[in-house]
Structure formats: structure tokens, C-alpha cells
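**Q** model the following, please.
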Amino acid sequence: MSISFDTTHTTNFIKDFAELTKVKLSVYVLFSSIAGYLLAVDTIDFLDLFFLCVGGYAMVGASNAFNQVIERDLDKLMDRTKNRPVASGRMPINTALTIAVALTILGITLLYVLNAKSAMFGAISIFLYTSVYTPLKTKTPLAVFVGAIPGAIPFMLGWVAATGNFGIEAGTLFMIQFFWQFPHFWAIGWFLYDDYKKGGFYMLPTGKKDKITVNQIILYSIWTIVCSVLPVFGKTGTLHITIYTAVIVLLLGVWMLQKGIVLSKTKTSEDAKKLMLVSVSYISLIQIAYVVDKFIFN
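**A** The predicted model follows:
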């Protein structure tokens, strides 16, 4: 007598779960939280770091799962989203909702084990992303502003998870990633403009690929650079970087800014995509630079 397992079904479910929770994006977000945690501690507590990673993934995964349930009919209209698990019909709505609720409970619980403030920020992130940002996307370009708040929480969350405090240090990390969201997401909104239009999403500040939009991209890129070099001046509490790291961070910012300036001249989807890719590299590299600076130079 032999027992057989439907490995194909299991494999497909794992793939759909990964797509429902946007595993690549979630892992990328976790990178920010880990960086924030490392900046705050002198000695790494690997159990706390584990709770932060699992809780953080659950938090982001829950937000993405709720989003795909809410936007399932709109996702069917766009090329990049029509094959998502819920939109395509591969995953029942009730299954997706069960996963979203379970991840919400798991994420907030694990973050609460670290400290109450971490759980609070995790809950705020899920609420804003699901209940405010998601419905606003079809109503107003201000949705990007609202979405930038939960999007900026992970970097700061790592610090709060490590210290239990939200002060100037966590606030600085929040502002860096908050301002960075705008050139990043407007670049995405630019090169995916036609696809977003099919779903009725208003992602650009004017709703158009025009001069005002690229000027906003340049302005917020400058604000991102300013916030990123602030720790060198010794006015951000225990969050500090040396002049060497500040120069590196500044050059990385100029690199991103230059891509925005190119877009302002060409206004092509190709250059918008280049800006998006550079912006992703920028935020990851400055986080690495901050952490390396702390453990080598401070």
C-alpha cells in the first residue's frame, strides 16, 4: 500500500501564496527593517531579529493580500496584474482573506512580543495601506502621499523594534524612506501609465506624464538627499554617519537625481524605468552604507 501526495497542488499553492504576499517586495521591505534594527543595536539579539523578520513579512504580506482581494476586479483589467492568484480565479477570495487575516494576527503578535510600539506601527501600516491607500488609488493622486506613510515605516520599524522608542533617530529613518517613495513610485506610474489607466488608477501628481510631474520627481529627490545626509551633522541623536559615508550617500543621491533630470528632458518610459531601478539601488545602498559606517567607523 502506497501513499501519494499531490505535490503539484502544493507547489502551485506555494507559488500563489508567494505572489499573493508579493514575496520579492516583502523580502526587500524586510531588508529595510533589518538595516534599521542594526543601526539601533550594539549587540544583535537573533531571536528579536527573527521576530522582526517574520512579523515584518507577515505585516507586508497581509497588506498585499488584502489589496489583491479588494482590487481583484481592477487587476483583471491590467496586463501586469491579471494573472495574480485572486484576479485570475486560481485562489478563492475566502482563502485569500483567511491568509490576510492570519498574517495580520501573526505579524502584530510577533511585533508586540518585541514591544507595543512596534505592534502599533505594524497595525497602522496595514490599516493605511488597505483601508486608505488602496481605495484612494482610483480617486486621487494623493493616494501616493498616503501610501508613502506605510511604505516608509519598515526602515523606522527596525529601530523601534530594537529600542522600543520613537525619537529623532527613528523619525529621520522614516523621513528618508518617506521622501524616497515619491520619485520611486512616480517613476513606476510613468512607465506603467497606460496599464494603470486601464484600471483607473491615478498615480502621477497631475494624472499626466507632464513637466509638473517630473519637476515633482526632482524636488522630492532633493528632499530625499537632504534627509539622507542629515545624520552627518550630529543633530539626529545617536543616529550618526561619518563624513566619508555622507559623501557616498550624497553621490548616490546625485545619481538618482541625475536620472530624474534626464527624464525631465526626454519624458520617455524607458528613462522612467531607469529612474525606478536606480531608486531601488539608491535606498538599498544607503542603508548598507549606514550600517557599514556604524560597525566600522563608529
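**Q** and the pLDDT at residue 208?
**A** The model reports residue 208 with a pLDDT of 89.
**Q** residues in contact with it?
**A** Listed by Cβ atoms under 8 Å, 6 or more residues apart in numbering, residue 208 has no contact partners. Where C-beta positions appear, they are placed from N, C-alpha and C, glycine not excepted.
**Q** next, it: phi, psi?
**A** According to degrees, to the nearest 10, the main-chain angles of residue 208 amount to phi -140, psi 160.
**Q** that one and residue 177: what is the separation?
**A** In this view, residue 208 and residue 177 are 26 Å apart by Cβ to Cβ, to the nearest Å.
**Q** and for residue 287?
**A** Using Cβ to Cβ, one obtains 9 Å as the distance from residue 287 to residue 177.
**Q** same question for residue 39.
**A** As for residue 39, its distance to residue 177 is 13 Å (criterion: Cβ to Cβ).
**Q** residue 204 too?
**A** Counting by Cβ to Cβ, the separation of residue 204 from residue 177 is 20 Å.
**Q** can you check residue 139 too?
**A** 24 Å.
**Q** before we move on, what about residue 159?
**A** Counting by Cβ to Cβ, the gap from residue 159 to residue 177 is 12 Å.
**Q** residues in contact with stretch 168-175?
**A** 36, 39-40, 152-153, 155-156, 158-160, 163, 227, 230-231, 235-239.
**Q** which positions in it come out as buried?
**A** When neighbours are counted by 16 or more other Cβ atoms under 10 Å, the buried residues of stretch 168-175 are found to be 169, 170, 171, 172, 173, 174, 175.
**Q** secondary structure element for the last one?
**A** In this structure, residue 175 is located in helix 168-191 according to DSSP states H and E.
**Q** dump the helix or strand that that helix is followed by to CSV, keeping only the CA atoms.
**A** Past helix 168-191, heading to the C-terminal end, the next element that is a helix or strand (DSSP H and E) is helix 193-199. Once side chains and other backbone atoms are set aside, the C-alpha atoms of helix 193-199 remain, and they are given as CSV (Å, rounded to 0.1, in the frame of the first residue of the first chain):
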residue,chain,number,x,y,z
TYR,A,193,0.9,54.8,-17.2
ASP,A,194,-1.1,53.0,-19.9
ASP,A,195,-1.5,49.9,-17.8
TYR,A,196,-2.6,51.8,-14.8
LYS,A,197,-5.0,53.8,-16.9
LYS,A,198,-6.8,50.6,-17.8
GLY,A,199,-7.5,50.0,-14.1
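**Q** who has more neighbours, residue 139 and residue 177?
**A** Neighbours were tallied for residue 139 and for residue 177 using other Cβ atoms under 10 Å; the higher tally belongs to residue 177 (25 against 11).
**Q** now the more buried one: closest residue in space that isn't a chain neighbour?
**A** Closest residue in space to residue 177, ignoring its immediate chain neighbours: residue 152 at 4.1 Å, by Cβ to Cβ, 6 or more residues apart in numbering.
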